[in-house]
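Participant: Any chance you could fold what I've pasted below:
(one chain, ligands or ions: 1)
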Amino acid sequence: MDKTELWHRYCRYLCSCPEIGLSLDISRMMFNDSFFSRIEPDMQQAFSAMHALESGTIANPDEQRMVGHYWLRNSALAPTSSITAEIQATISRILAFANDIHSGKIRASRGQTFDRQLVIGIGGSALGPQFVADALWSTEDRMKTYFLDNTDPDGMDRVFAELGNKLASTLAIVISKSGSTKETRNGMLEAQAAFRSAGLDFARQAVAVTGENSELDRLASAGGWIERFPMWDWIGGRTSVTSAVGLLPAALQGIDIAALLDGARVCDEITRRPDTMRNPAAVMALMWHQATGGRGQKDMVMLPYKDRLLLFSRYLQQLIMESIGKELDLEGKSVCQGLTVYGNKGSTDQHAYVQQLREGVSNFFVTFIEVLKDRCGSSMQVEDGITSGDFLFGFLQGTRTALYENDRESMTITVDRVDARTIGVLVALFERSVGLYASLININAYHQPGVEAGKKAAGVVISLQKEVVDLLKSRQQEMTAVEIAVELGKPGETEAIFAILRHLAANPDRGVKAATEGSVADWKFLLKA
Ligand code: PA5
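Facilitator: Modelled structure (predicted):
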């Protein structure tokens, strides 16, 4: 298409939503003009399914749960008055709590005002808060935010080292819907130990966000932690950023959570309407369908041209891939669905993998995010009449054009600025697209059997490690992995046993010594009592 035709296509298909300061340009996606009319009946079915979901139907059939993240932004939509009341009460409690922390009404165990928060969680209980914290931090923040989002000991040590003697004014927020996720449990135990060795009372500096009566809830209650906030069963982890999971750390940081919720609420209103071409979430879901054949045949590369949106790709990677990446469809048929998401930010990535996007394997489409407002305040000129922001804009436009010229598809989301309201808008936009797309391809977007399988498999390895250690302790002699496997009656686990022993031997504090002569099958391991 020549430039004039492209301009007409741009005008014809631009989905412009001034109410949320957002537009979606799909002119560089390669659909033909009959695409939308052909798929409209399916889209209408997806709108009906979404309506049923928002009305409180069991939209997550495998877990027999309602799916209620949209109610968090407009509690009047909740299917029962008690849910409405719980949502409202929780938001009020979060605001009051943040106020008490900021004002010093609630103080740390040695009397300091809290000026740091350490958020401990993983997956849906961390990625949203991390994205929001990073996108919206400023030097005016009321509290600096740190995260433990893994069970990597060295990773935790780095965070504790950064906190240093500021632990005395650090509020720990432990987030886990299930309340039994091992990475989070370990992070909490390591944090407890760090507080203890600094002579601090962890319970007087800790808050839990979790499901009612979960392991974590009971622990926090019995331990007399400062506060507990709810995580309801009708909220999924990856759609929890507008629940206490995201709102509590955000409010404590000093972010305007009312604006964030409002942005999400207005975006929900727009993306709820069953008018496909005026609904950016529907248009985006259809573009995913068109680009990937509704089968995930192409990857989505997220390229926000704004440093503040760096973690958006990571957040979306979970939101989309954990929701869409499913083996079975709603009828139980094997479909192995997915939509791969990766990306960081422009123009930085132009100096990395964009080379391959432009010239290499054509197995992707790009979603650019353009932010119109460059910065707070005015810009210097880096060339005559030209600012750094003009360059950022120019690089985005240039890459978009270069990709198009080489038959690579892209769409562009343009937002006015990055602020709390816009973050709410973007979260709600993609949540809705995921829900609509899941309906189009007939899968349950709201369960995660694959994640559960990984959790179970890790548990099996940990049990095996305990057996191996017990055996070595009782034998007090050198043994190979093969011998141990035979003794345990688990010859099929020899490789796993070898990996366990090699890991233990690499960490001198674990007491396992390795004699590493010969092939790995001959390595001998000893654990002195
Ligand atoms: O989105 C999800 O459901 C998961 O990623 C969970 O958030 C993650 O496994 C952590 O679970 P929990 O919040 O129960 O600790």
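Participant: lowest-pLDDT helix or strand in the protein?
Facilitator: Every helix and strand in the chain was compared by mean pLDDT, DSSP states H and E; the lowest is helix 449-475, with a mean of 90.
Participant: Tally up the residues packed near R65, please.
Facilitator: By other CB atoms under 10 Å, 17 other residues sit near R65. For the C-beta atoms, the positions are set from N, CA and C on the backbone; glycine is no exception.
Participant: Report whether the expected contact of it with W234 is present.
Facilitator: Yes: contact between R65 and W234 holds when scored by CB atoms under 8 Å: they sit 5.8 Å apart.
Participant: Let me have the helix or strand hosting V266 in CSV, keeping just the CA atoms, if that works.
Facilitator: Taking DSSP states H and E as the criterion, V266 maps to helix 257-272. Output of helix 257-272 as CSV, limited to C-alpha atoms (Å, rounded to 0.1, in the frame of the first residue of the first chain):
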residue,chain,number,x,y,z
ILE,A,257,-5.1,4.7,43.7
ALA,A,258,-8.4,6.4,43.2
ALA,A,259,-7.1,7.7,39.8
LEU,A,260,-5.8,4.2,39.0
LEU,A,261,-9.2,2.6,39.8
ASP,A,262,-11.0,5.4,37.9
GLY,A,263,-8.9,4.8,34.8
ALA,A,264,-9.6,1.1,34.9
ARG,A,265,-13.3,1.8,35.5
VAL,A,266,-13.8,4.1,32.6
CYS,A,267,-11.8,1.7,30.4
ASP,A,268,-14.1,-1.1,31.5
GLU,A,269,-17.1,1.0,30.5
ILE,A,270,-15.7,1.5,27.0
THR,A,271,-14.5,-2.1,26.5
ARG,A,272,-17.7,-3.5,27.8
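Participant: Which strands or helices does it pack on?
Facilitator: On a contact count with 3 or more CB pairs under 8 Å, 6 or more residues apart in numbering; DSSP states H and E, helix 257-272 meets helix 35-54, helix 81-103, helix 244-253, helix 280-292, helix 420-440.
Participant: how about that helix: buried residues?
Facilitator: 257, 259-268, 270-272 (16 or more other CB atoms under 10 Å).
Participant: Just give me how far that helix sits from the chain centre.
Facilitator: 19 Å (CA atoms, centre = their mean, to the nearest Å).
Participant: pLDDT (mean, whole number) over that helix?
Facilitator: In this model, helix 257-272 has a mean pLDDT of 98.
Participant: Equivalent analysis for stretch 19-36, please.
Facilitator: In the prediction, stretch 19-36 has an average pLDDT of 96.
Participant: so how far is stretch 398-413 from its chain's centroid?
Facilitator: 27 Å.
Participant: who's in contact with that stretch?
Facilitator: By CB atoms under 8 Å, 6 or more residues apart in numbering, the surrounding residues in contact with stretch 398-413 are 6, 22-26, 28-30, 280, 284, 287, 291, 298, 303, 346-347, 350, 354, 357-359, 362, 364-370, 396, 426, 429.
Participant: ok, now stretch 486-500?
Facilitator: 461, 464-465, 467-468, 471, 479, 481-482, 484-485, 520, 523.
Participant: Then stretch 373-388?
Facilitator: Stretch 373-388 has contacts (CB under 8 Å, 6+ apart) with G389, F391, L392, D416, R417, V418.
Participant: Do I have it right that I91 meets A250?
Facilitator: No: in this structure, I91 is not within contact of A250 by CB under 8 Å, at 11.6 Å.
Participant: tell me which parts of the stretch 101-250 of the chain are close to the ligand?
Facilitator: I122, G123, G124, S125, S176, K177, S178, T181, T184, G236, G237, R238 (CB under 6 Å from any ligand atom).
Participant: Out of these, which two sit at the greatest distance?
Facilitator: Maximum pairwise distance among these (CB to CB): 16.2 Å, between T184 and G236.
Participant: So for I91 and A250, which sits in the more crowded spot?
Facilitator: A250 (25 against 20).
Participant: give the contact list for the more buried one.
Facilitator: P129, V132, A133, L136, I257, L260, A420.
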